[in-house]
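Enquirer: When you get a sec, could you give me coordinates for this:
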Amino acid sequence: MRISQGTCVRGGLTGWVLLALALAGCGVKDEHTAAAVASSPKRVICASPAVAEIVFALGGGDRVVGVSEFTDWPPEAAGKTSIGGALSPNRERILALEPDLILAQGNAEALGGFAHSQGIAFLALPLDTLDDLRAAISGFAAALGVKEQGQQRLAEMESGFAAIPSCGPVPVFIAVGHVPGDFSGLMTSGPGTFLDEIVARAGGSNIFSDLQILWPKISQETLIRRKPAVVLDFQSTAADETRRAALVADWERLGFDAGQIRILPEDYLLKPGPRAAQSAARIAEAICQ
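Expert: Numbers count the residues shown, from 1 in each chain. Just a heads-up that it's a prediction; the model follows:
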């Protein structure tokens, strides 16, 4: 079985997918959290797109003064001042925004150290699993002083999960990192990751759920031997008809039938945020079509 167990595979990954892997520390849980949060922060920086989405869903958008690169939801969040990349934000720009709280995701020790050196309250929480997401919604709600809104968002999410019809379990391959004409960066989502859990909620049975790696690179030979009933091809960029046809043609060359392939270009499906139930519903629709 040829499955890469070394460093994170980045080839062919763009935008949020690459960022999510980096923030997750390639599957290493980050336990770095910083307290000393003001009782009612008024100038908040969201240091990842997922964090921004959570804060806005909690009703804290009017307090957000800065967001990181790739922040595009909700639309009003995209209009906030950018602090640059989540992995290497512009520190001068952060200071110019005069934040009293920075909220971050996952592996954020450098940003946390900078915040502490400047006397800025800081909180970073992991967003690698559904339980992480639930804890982050509660944690960020507490930091913003809106615990009731956090409880409401969690209740809405669980209600959304409960309403999803299922035709499963259907053996699926979770494909990440596929670009037209190139499988060299092909990866999958291992057991316990956010994407693996969302697919399970949608009625999919991950054919690589036995692995001990969160984001392994998968060989074509290994994939073919596992014989998935459905291939869920998650794309981090929009897919017009030409791109869709090219992606499906790649799978057909591997011996899959076009009817087994589901191209999923909606980027929110890859983001661990308040739209998790919506993501599961969309994936369920794809699996059961």
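Enquirer: Any stretches of the chain with poor pLDDT?
Expert: Applying pLDDT under 70 to the chain picks out residues 1-39.
Enquirer: Nearest residue to the residue positioned nearest the centre of it in space, please, no chain neighbours.
Expert: With distances taken as C-alpha atoms, centre = their mean, K271 lies nearest the centre of the chain, 2.9 Å away. Using C-beta to C-beta, 6 or more residues apart in numbering and skipping the chain neighbours, the partner closest in space to K271 is A50 (5.2 Å). Placement of C-beta: from N, CA and C, glycine included.
Enquirer: got a list of contacts for the helix or strand in which the one you found is found?
Expert: Using DSSP states H and E, A50 sits within helix 49-57. The contact list for helix 49-57 (C-beta atoms under 8 Å, 6 or more residues apart in numbering) reads 16, 19-20, 44, 46, 61, 63-64, 67-68, 70-74, 76-77, 80, 86, 103-105, 127, 136-137, 140, 144, 153, 271-275.
Enquirer: And those, which of them are buried?
Expert: 16, 19-20, 44, 46, 61, 63-64, 67-68, 70-73, 77, 80, 86, 103-105, 127, 136-137, 140, 144, 153, 271-275 (16 or more other C-beta atoms under 10 Å).
Enquirer: got a list of contacts for stretch 199-211?
Expert: By C-beta under 8 Å, 6+ apart, the residues outside stretch 199-211 that reach it are 3, 161, 164, 166-174, 188-191, 196, 216, 218, 226-228, 230, 232, 280-281, 283-284, 286-288.
Enquirer: In helices, which of those residues fall?
Expert: Cross-referencing the contacts of stretch 199-211 against helices under DSSP state H gives 161, 196, 226, 280-281, 283-284, 286-288.
Enquirer: Mind picking the two most distant members of the residues you listed?
Expert: Spanning the widest gap among the ones in helices among the contacts of stretch 199-211 are F161 and R226, at 26.8 Å by C-beta to C-beta.
Enquirer: And for P41, nearest residue in space, chain neighbours not counted?
Expert: Nearest one to P41, counting by C-beta to C-beta, 6+ apart, is L101 at 3.7 Å.
Enquirer: quick one, helices of the stretch 101-250 of the chain?
Expert: Counting by DSSP state H, counting those that start in this stretch, the stretch 101-250 of the chain has these helices, from start to end: 109-117, 130-144, 147-162, 194-201, 220-226, 241-253.
Enquirer: CA atoms of the second one as CSV?
Expert: Translated: helix 130-144. This file holds the C-alpha atoms of helix 130-144, laid out as CSV (Å, rounded to 0.1, in the frame of the first residue of the first chain):
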residue,chain,number,x,y,z
LEU,A,130,-16.4,18.7,14.8
ASP,A,131,-15.8,18.7,18.5
ASP,A,132,-13.2,21.4,17.9
LEU,A,133,-15.7,23.4,16.1
ARG,A,134,-18.3,23.1,18.8
ALA,A,135,-15.6,24.1,21.4
ALA,A,136,-14.5,27.0,19.3
ILE,A,137,-18.0,28.4,18.9
SER,A,138,-18.4,28.2,22.6
GLY,A,139,-14.9,29.6,23.3
PHE,A,140,-15.1,32.5,21.0
ALA,A,141,-18.6,33.3,22.2
ALA,A,142,-17.3,33.5,25.7
ALA,A,143,-14.4,35.7,24.7
LEU,A,144,-16.8,38.1,23.0
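Enquirer: what's the closest non-adjacent residue to S159?
Expert: Per C-beta to C-beta, 6+ apart, closest to S159 is A277, 7.7 Å.
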